[in-house]
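A.B. asks: Quick one, structure for this:
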Amino acid sequence: MSGTIITLIIIAVVVVYGVTIYNKLVALKNRFKNAFAQIDVQLQRRYDLIPNLVETAKKYMEHERETLTAVIEARNEAAAAAKAAASHPDDGNAVRTLGGAESLLGGALGKFFALSENYPDLKANTTMNQLMEELSSTENRVAFARQAFNDAVMEYNTYREQFPNSVIAGGRFLPAELLEIEDQAARKGVKVSFN
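C.D. replies: Numbers count the residues shown, from 1 in each chain. Modelled structure (predicted):
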């Protein structure tokens, strides 16, 4: 009789341990999804600022239509990629696509800011300076939100790969993807000063 009780206790301990691991995997997955939601909020703010920035610059940079168009196209691609990734932040392909789109947008903005240095009237425009300041602030917020997301992804991935967690994770808890900027030039940050 005591052998049966010991066996039942062992089975109960194993089941409780398995449920605990499963619940922590769920919590960690939800944590990185929430962290991505914070990135999404900041990216949307950034995407909303860019058309205003380009519109303000249009009258000064009449000969730079190609650059202005490239910024808007890159913004639209990044916004679409962000929307797809926001729907499924646990989809590695969507997060990688967003990283690539953000790299392209960073490059287009970098070129835009470099060319805008050649237009003193644009540099003196109050609206342009305010938009630049808001964009700079948003860039910092995006960087902090991306770091929080990547930290949450790293914690989730580490936990799901540990044994016996990996057995319980199985095919239900797939690895999450870090949000990385692939373009080395875009990693330097966008210069937004008109000094």
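
A.B. asks: Any stretches of this structure with poor pLDDT?
C.D. replies: Where the chain drops to pLDDT under 70, the residues are 1, 182-195.

A.B. asks: and with 80 instead?
C.D. replies: Along the chain, segments meeting pLDDT under 80 span 1, 62-63, 123, 181-195.

A.B. asks: Show me where it has its helices.
C.D. replies: Along the chain, counting by DSSP state H, helices occupy 2-58, 65-87, 92-116, 120-124, 126-161, 165-169, 184-187.

A.B. asks: which of those helices sits most buried?
C.D. replies: Ranked by mean neighbour count, the helices of the chain are led by helix 92-116 with a mean of 20 (mean count of other Cβ atoms under 10 Å). C-beta: built from backbone N, CA, C; applies to glycine.

A.B. asks: Quick check: closest non-adjacent residue to residue 160.
C.D. replies: Among residues not flanking residue 160 along the chain, residue 169 sits closest, at 4.3 Å (Cβ to Cβ, 6 or more residues apart in numbering).

A.B. asks: Ok, residue 156 next?
C.D. replies: In space, residue 156 is closest to residue 28, 4.0 Å off (Cβ to Cβ, 6+ apart).

A.B. asks: gap between the one you found and residue 93?
C.D. replies: Residue 28 is 21 Å from residue 93, where distance means Cβ to Cβ, to the nearest Å.

A.B. asks: Check residue 121 too.
C.D. replies: Residue 121 is 44 Å from residue 93, by Cβ to Cβ.

A.B. asks: before we move on, what about residue 10?
C.D. replies: Computed as Cβ to Cβ, the residue 10 to residue 93 distance reads 42 Å.

A.B. asks: got the helices of the chain as CSV, with distance to residue 175 columns?
C.D. replies: Shown next, in CSV, are the helices of the chain (distance: least, Cβ to Cβ, whole Å):
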stretch, distance to residue 175
helix 2-58, 11
helix 65-87, 15
helix 92-116, 7
helix 120-124, 45
helix 126-161, 5
helix 165-169, 9
helix 184-187, 23
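
A.B. asks: how about the ones you listed, which one is nearest residue 178?
C.D. replies: Nearest of these to residue 178, taken as Cβ to Cβ: helix 126-161 at 4.9 Å.

A.B. asks: That closest one packs against which elements?
C.D. replies: Contacts defined by 3 or more Cβ pairs under 8 Å, 6 or more residues apart in numbering; DSSP states H and E place helix 126-161 against helix 2-58, helix 165-169.

A.B. asks: From the chain's centre, how far out is that helix? Work that out for me.
C.D. replies: Chain-centre distance of helix 126-161: 7 Å, with Cα atoms, centre = their mean, to the nearest Å.

A.B. asks: do the same with stretch 120-127
C.D. replies: With Cα atoms, centre = their mean, you get 31 Å for stretch 120-127.
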